[in-house]
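> I need the structure of the sequence given here:
(chains A and B)
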Number of protein chains: 2
Amino acid sequence: MTELFSPRRSVEQVEEGVELAPKFDERGLIPAVTTDFASGELLMQGYMNAEALRKTIETGEAHYFSRSRQAIWHKGATSGLVQRVKELMIDDDQDCVWLKVEVAASGASCHVGYRSCFYRRVALGDDSAGKPLEFTEHEKLFDPVAVYGNTPNPTKL
Amino acid sequence: MTELFSPRRSVEQVEEGVELAPKFDERGLIPAVTTDFASGELLMQGYMNAEALRKTIETGEAHYFSRSRQAIWHKGATSGLVQRVKELMIDDDQDCVWLKVEVAASGASCHVGYRSCFYRRVALGDDSAGKPLEFTEHEKLFDPVAVYGNTPNPTKL
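Numbering: from 1, shown residues only, chains lettered A, B, ... in the order given. Down below sits the predicted model:
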């Protein structure tokens, strides 16, 4: 049986080759960057372990690894906001994947209720200390309390 | 003097507030996702430590933290391919930043010579084991040997 992931044998193989040879970090994770297939907007950034990456490839639906819950996380299993992977890319040294997805239902990807997790802009410049973040989304697409109920919030301090 | 980064006091402050309170992981790093300001294309994913994020904000030029060199990395210092940050976003739980950049010179962001680090597509489906990666860029924008010479390749096995 052919394995899904190849061993990493050389820099040339990893950078210029056609074998999928992902690198998982010291935690066993690879970062995943997820954008909207149609608009190109960055929706979220998460992590996958080998099993989550395998499930994502085999099912065509985004699976991540939740660091707070230390478990595979089939995105949308609770909220219905499943991410259908239209295209999956891997980077030069194969230590990051890029998912281009279509999101089901309301189209939101953020547990706070916004479309994208990236709904605030940071001020730039050497006088930016103390300047407030600027909201770039102003309406939530869903009510997180109605969708998630008493599920623990994944945000950790 | 106002500090650039606020302490993380509550989930509500982090998710719904206007204070910049980034979370650095157990390695002292925050992932950074970098897209092209004009096209929206994902160019690269890297990491920043607190100092790299501060320098990025203050100078408006992307600074990362190189895990292989364990040093601050002013992107473009060697290659000339400086990334001018047009917009900087932070995510819901403030443990990831999104840089929208304009790249100087050839416009490449990948040390292998391609425009984007993500120049290969992964096959999807439950029969994808053994299927080759598909190149989506076919021409390098620069010659890495001419630009980097004998600098050690950042790709690690």
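
> state the distance from A:Ala50 to A:His63.
Distance, A:Ala50 to A:His63, by CB to CB, to the nearest Å: 11 Å. (Each C-beta comes from the backbone N, C-alpha and C, glycine too.)

> what packs against the helix or strand harbouring A:Gly46?
Secondary structure assigned from DSSP states H and E places A:Gly46 in strand A:42-48. Helices and strands touching strand A:42-48, by 3 or more CB pairs under 8 Å, 6 or more residues apart in numbering or on different chains; DSSP states H and E, are strand A:30-36, strand A:63-66, strand A:97-103, strand B:30-36.

> so the residue sitting furthest away from the middle of chain A, which of the three states?
The outermost residue of chain A relative to its centre, with distances by CA atoms, centre = their mean, is A:Asp127 at 32.1 Å. Using DSSP: H, G, I helix; E, B strand; the rest coil, the structure places A:Asp127 in coil.

> which phi and psi does it have?
The phi/psi pair for A:Asp127 (degrees, to the nearest 10) reads phi -110, psi 30.

> sketch out the low-pLDDT regions of chain A for me.
Residues of chain A that meet the criterion pLDDT under 70 lie in A:1.

> just the helices in chain A please.
For chain A, helices defined by DSSP state H occupy the ranges A:11-16, A:50-59, A:144-148.

> buried residues in the shortest one?
Meaning helix A:144-148. A:Pro144, A:Val147, A:Tyr148 (16 or more other CB atoms under 10 Å in any protein chain shown).

> now, of the helices of chain A, which is deepest in the fold?
Most buried of the helices of chain A, by mean neighbour count (mean count of other CB atoms under 10 Å in any protein chain shown): helix A:50-59, with a mean of 19.

> tell me, how many residues neighbour the residue nearest to A:Glu16 when sequence neighbours are not counted?
Distance criterion CB to CB, 6 or more residues apart in numbering or on different chains; nearest residue to A:Glu16, sequence neighbours excluded, is B:Val112 at 7.4 Å. Counted with other CB atoms under 10 Å in any protein chain shown, residues neighbouring B:Val112 total 19.

> same question, A:Gln94
Neighbour count of A:Gln94, defined by other CB under 10 Å: 25.

> pull up the gap between it and A:Lys23, please.
In this view, A:Gln94 and A:Lys23 are 6 Å apart by CB to CB.

> joint contacts of the two?
A:Arg8, A:Val14 (CB atoms under 8 Å, 6 or more residues apart in numbering or on different chains).
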